[in-house]
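> Whatever this is, show me its structure:
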Amino acid sequence: MDIAKYVPVIVIGGGPGGSTVASLLAKSGIDVMILERDTFPRYHIGESLSASCRWIIDLTGAREQVERAGFPRKYGVLFRWGIEEDWTVEWEKAVGPNTYSWQVDRAIFDEVLLNNCKAQGATVLEGAKVDEVLFQDARACGVKWRLPDGTSGSTQCDYVVDASGRAGVLAVQRFANREMDERYRNVATWGYWQDMETIPGGPQGAINVVSAPAGWYWLIPLSDGRTSVGYVTGRDVYRANRSASATVEELYLRYIAESETLSQLTAGGRFAGTVHVEQDYSYCARSFSGPGYVMVGDAACFIDPLLSTGVHLAMYSGFLAAASLVSVIDGMTAEERAFKFFETAYRNAYQRMQDVVSAMYAQYDGSDSYFWQAYRLLRDKGNVTPKDAFRDIIAGAADLNDVGETPADDSRTAEPGSETGHEHLRRGELPDLRGLFTHNQMQPDGQGGFLVVIEPRLGLEIGPRPYPALT
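Next comes the predicted model:
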């Protein structure tokens, strides 16, 4: 296989974060190469998408292919949490009618996104393992790679995007600067059921989130009558339970039986027979960027599966990275300032999601406490209520608004039929991204803010105000 000796941008990893960066760069006319360790399709967890993912997918050009894949549409979330009655979060109330995301089979979904990278003009190499990121004078300048047939070599570049997920080519292997979050030393155990029920009364296609005395369950309705069912508990609790069980399958089925809700919902279903386990997955790198490189998605940080934030953070950070890189490559923004913008935006999105997850784990405080915590964390409160704030954060809309502030006359108070605020969403369409990403100011150094723009070309522009610090 003939692999280029030089390419302007190398992306390590072809999951949702890497695919987002590569497709947006390729659409902008920048040569980019993805080196993906696996051969797609490949199994992956993280099946429930935030509403924000749909907006970014549209920008990458993959919307039509994702729709054709036939994933169930997700219109929100149903919580059976603590001692309260069931309560819901509905995407349509966040931005307007016909607002949805999807519940996806990640093997299919990730392959669709990777194939879209090729269609946009990116070079994609599957089965290509990156052994090392090359540096010169502390600046990333290329990668060493190895193919399944034993062929090895190196490719030089101007910029490296680490989208290697938990493997953390830079954070773990190069810098050793990944810090585990001691609050979430959890273990997830999950499997798949055929023809089981989900909790009635929620939004169409909703993920169900059910609390338990020592953890919580997820139920994600997938295609072909399958449902992903998982249980998350503390590591010490899991270890004690595991030592008392002959197999992980026995333990998993015991978890199901211990919940009245899960026992009832699975009663008419059939367990597929394979159990997956993952642990110690909550972490954050001390730095997400540096000379010649950025980290996106799980390569930089991961919180917890509770609010299904993983794919959102991957695609959101991929979007930010692409806008920053285009601006730098075009000579419109200095690298240091653009990467500082990227890191500030991504780290604040991570921190805000983490704070909301922490509030949820205090599960008997009641939903009003989660809403008020979210309201405190929202930057531009405008006319939103505390419940609006919670919904906007877990939908990913708050992060998009941070890097592309919507007009002040929010559509939640606009007259019907007007073209203000989120009206372009209320028509039942995907956002006109020109409206979402042309008004925000974000720059951490206080010398004017950045605007994220997509026309006439994706990138950053200087705006009038500094970015407010997270409080």
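
> How much space separates Ala214 from Ile329?
The gap separating Ala214 from Ile329 is 50 Å, by CB to CB, to the nearest Å. No exception for glycine: its C-beta is placed from N, CA and C like everyone else's.

> Look at the two and report which has more neighbours.
Ile329 (20 against 14; other CB atoms under 10 Å).

> isn't that one right up against Ile30?
Yes: judged on CB atoms under 8 Å, Ile329 makes contact with Ile30 at a distance of 6.0 Å.

> what sits in contact with each of the two?
Residues touching both Ile329 and Ile30 (CB atoms under 8 Å, 6 or more residues apart in numbering): Pro8.

> From the structure, what's the count of residues near the nearest residue to Glu335 once chain neighbours are set aside?
Using CB to CB, 6 or more residues apart in numbering and skipping the chain neighbours, the partner closest in space to Glu335 is Val328 (4.9 Å). Each residue near Val328 was counted by other CB under 10 Å, and the total is 21.

> what's the answer for Ala345, then?
Using other CB under 10 Å: Ala345 sits among 28 other residues.

> residues in contact with it?
With CB under 8 Å, 6+ apart, Ala345 has these contacts: 320, 399, 402-403, 442.

> From Leu313, how far off is it?
Taking CB to CB, one finds Ala345 at 11 Å from Leu313.

> that older thread, name the SS class of the residue nearest to Glu335, please.
Assigned with DSSP: H, G, I helix; E, B strand; the rest coil, Val328 falls in the helix class.

> so it sits right up against Phe341, yeah?
No: contact criterion CB under 8 Å: Val328 and Phe341 do not qualify, at 10.5 Å.

> Sketch out the low-pLDDT regions of the protein for me.
For the chain, applying pLDDT under 70 flags the ranges 1, 94-96, 280, 363-384, 404-449, 463-471.

> care to break it down by domain?
186-279, 336-463 (automatic domain parsing).

> Distance across the shortest one, terminal residue to terminal residue?
Looking back up the chat, that one is domain 186-279. 6 Å (CA to CA, to the nearest Å).

> How far does stretch 284-299 stretch from one end to the other?
Stretch 284-299: ends 9 Å apart by CA to CA.

> For it, buried residues please.
For stretch 284-299, the neighbour count (16 or more other CB atoms under 10 Å) marks 284-285, 288-290, 292-299 as buried.

> cool, stretch 190-205 as well?
In stretch 190-205, counting by 16+ other CB under 10 Å, buried: 190-193, 196-199, 202-203, 205.

> isn't Pro8 right up against Gly29?
No: between Pro8 and Gly29 there is no contact under CB under 8 Å: 10.6 Å.

> Looking at the two, which is more packed in?
Set side by side, Pro8 and Gly29 show more neighbours around Pro8, with 15 against 11, by other CB under 10 Å.

> how near is the nearest residue to Arg42 once chain neighbours are set aside to Phe79?
Nearest non-adjacent residue to Arg42, counting by CB to CB, 6+ apart: Ala107, 6.0 Å away. Distance from Ala107 to Phe79, counting by CB to CB: 28 Å.

> Which residue of the two possesses the greater neighbour count?
Phe79 (24 against 13).

> how close does that one sit to Gly202?
9 Å.

> what does Val210 give?
Noted for Val210: a distance of 11 Å to Gly202, by CB to CB.

> cool, and Val326?
Note on Val326: its distance to Gly202, by CB to CB, is 40 Å.

> Same question for Arg391.
Arg391 is 14 Å from Gly202, by CB to CB.

> Same check on Val161?
Val161 is 37 Å from Gly202, by CB to CB.

> Likewise for Gly82?
For Gly82, the distance to Gly202 - CB to CB - is 17 Å.

> And the helices in the stretch 51-200 of the chain?
Ranges of helices in the stretch 51-200 of the chain, per DSSP state H, counting those that start in this stretch, are 51-60, 63-68, 91-95, 106-120.

> From those helices, pick the one with the highest average neighbour count.
helix 51-60 (a mean of 24; mean count of other CB atoms under 10 Å).

> so that helix versus helix 106-120, what angle?
Between helix 51-60 and helix 106-120, the angle comes out at 30 degrees (axes from the mean of the first three to the mean of the last three CA atoms, to 10 degrees).

> Need the residues touching each of Phe79 and Gly202.
In contact with both Phe79 and Gly202: 86, 88, using CB under 8 Å, 6+ apart.

> pull the longest helix from this structure.
Longest helix in the chain, counting residues (DSSP state H): helix 335-361.

> follow-up on the earlier one: how about the contacts made by the residue nearest to Arg42?
40-44.
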